[in-house]
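Trainee: Starting from these lines, generate the structure:
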Amino acid sequence: MVRHAVWEVHRPGGVVADGIRKNLAPGDTASLHGLVIQLEKMIAASDTSMADSVRLGLSVNGQSSTEVVAEGAAFNWGPFHIAVLAARTDPGELGAGIAEIEVGRAADLPEEIATAISIDGPRKRLRIPHNIRMITLHHSGSAEPLRPNDNVPEKLRELQLWSEDNRNWWDVPYHFLIGLDGTIYEGRDYRFRGETNTRYDVNGHLLISVLGNYELQEPTPEQVEAIADLMAWGVAEFNVPLDRIYGHSDLAETSCPGQHLRRYLEDGTFRQGIRDRLGPSVTL
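Mentor: Have a look, this model is predicted:
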């Protein structure tokens with residue numbers, strides 16, 4: 001496996017914290033230590049004097065409030081620090097119709113984050129610890145197929161910068177990434193939850209991404225083997241049952257990981273590969 005330090009632009013940022021970060025559509029809720037946040041409405045900049053914004057309903061211990069918050073803003077409400085990382089109101093943008101909300105208890109956060117009134121970039125994002133209970137397969141979904149002469153470390157560096165600059169994430173969204181030759185690249189520290197541009201909650205998911213676009217290209221035999229290797233490791237390391245191995249499209253409205261990878265999930269190839277590596281008694 002190629003370690004993160006070999007390909008990265010720089011070391012990942014982020015602050016370890018007990019918190020949540022969720023993608024919400026209108027009507028969705030998130031909760032932390034008694035606090036319930038409901039995304040009531042998304043407000044496009046064209047409809048207000050503010051930037052793209054959200055209206056949040058907040059409640060805890062019998063107290064409630066409604067707050068209108070601009071994208072990129074942060075505020076404290078009771079003991080909680082709440083940040084709106086994104087309010088994607090443009091129907092044509094990636095993750096359209098979703099707001100990304102991050103919440104932690106102010107007392108648990110460094111002062112520079114706990115008192116911030118803006119998100120102030122990926123360095124101050126929360127690393128949310130999680131316990132892995134599921135494995136989910138993605139592809140990077142690039143516009144063009146991955147080709148044998150492509151520079152994979154350079155593509156990973158581009159992904160790291162895009163994740164930070166475009167999404168305000170503290171690192172690449174996936175825990176492991178796989179090249180055409182089956183090389184496995186270390187991504188985000190798997191002790192912390194990953195990211196998605198869709199509504200499924202990635203808390204507890206080990207995220208594996210295959211570089212390329214598998215709506216357009218076939219996976220190589222080396223990639224199929226590498227995926228099975230990683231899945232078998234995840235099953236053994238975290239006691240994941242085989243019926244909790246998913247493709248992204250099982251959990252969200254997306255074509256990811258692409259039709260040509262999805263069929264290996266559907267026909268049992270990866271589950272059989274796990275049994276071949278771990279033995280037939282592996283938990284179903």
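
Trainee: quick one: the helices in this structure?
Mentor: Listed in chain order, the helices found in the chain under DSSP state H are 4-7, 111-114, 152-167, 221-238, 259-266, 269-278.

Trainee: distance between the second one and the chain's centre?
Mentor: Helix 111-114 sits 24 Å away from the centroid of its parent chain (CA atoms, centre = their mean, to the nearest Å).

Trainee: that older thread, the helices of the chain: which one's closest to residue 58?
Mentor: The closest approach between residue 58 and any of these, judged by CB to CB, belongs to helix 111-114 at 17.2 Å. For every residue, glycine as well, the C-beta is placed using N, CA and C.

Trainee: Nearest residue to the residue nearest to the spatial centre of the chain in space, ignoring adjacent ones along the chain?
Mentor: The residue lying closest to the centre of the chain (CA atoms, centre = their mean) is residue 195, at 1.0 Å. For residue 195, the nearest residue in space outside its immediate sequence neighbours is residue 173; the separation is 3.6 Å by CB to CB, 6 or more residues apart in numbering.

Trainee: list the contacts for that neighbour?
Mentor: By CB atoms under 8 Å, 6 or more residues apart in numbering, the contact list for residue 173 reads 163, 167, 187, 188, 194, 195, 196, 207, 209.

Trainee: if I read this right, the second one contacts residue 98, doesn't it?
Mentor: No: counting by CB atoms under 8 Å, residue 167 does not reach residue 98; the two are 11.5 Å apart.

Trainee: re the thing from before, ok, the residue nearest to residue 195 to residue 276 distance?
Mentor: Look at residue 173 and residue 276: by CB to CB, to the nearest Å, they are 29 Å apart.

Trainee: same check, this time on residue 100
Mentor: Distance of residue 100 to residue 276, given as CB to CB: 39 Å.

Trainee: Neighbour count: the two, which is higher?
Mentor: Taking residue 100 and residue 276 together and counting by other CB atoms under 10 Å, residue 100 has the greater number of neighbours (24 against 12).

Trainee: Looking at strand pairing, list the partners for that one.
Mentor: On the basis of DSSP bridges, residue 100 is bridged to residue 23, residue 86.

Trainee: if I pick it, what's in contact with it?
Mentor: For residue 100, the contact set (CB under 8 Å, 6+ apart) comprises 21, 22, 23, 24, 84, 85, 86, 168.

Trainee: excluding its backbone neighbours, what's nearest residue 257?
Mentor: Distances taken as CB to CB, 6+ apart place residue 139 nearest to residue 257, at 4.2 Å, with adjacent residues excluded.

Trainee: Isn't the one you found up against residue 255?
Mentor: No: look at residue 139 against residue 255 with CB under 8 Å: they stay out of range, at 9.1 Å.

Trainee: higher neighbour count, these two?
Mentor: When residue 139 and residue 255 are compared for neighbours, residue 139 comes out ahead with 28 against 15, by other CB under 10 Å.

Trainee: now the strands: where do they sit in the stretch 51-200 of the chain?
Mentor: For the stretch 51-200 of the chain, the strands defined by DSSP state E, counting those that start in this stretch occupy 53-60, 63-70, 74-77, 80-87, 99-105, 126-127, 134-139, 176-178, 184-186.

Trainee: List of residues touching the fourth one?
Mentor: It refers to strand 80-87. Residues external to strand 80-87 that are found in contact with it (CB under 8 Å, 6+ apart): 21, 32, 35, 37, 42-43, 51-54, 56, 58, 60, 69-76, 95, 98-106, 109, 113-114, 116, 119, 125, 167-168.
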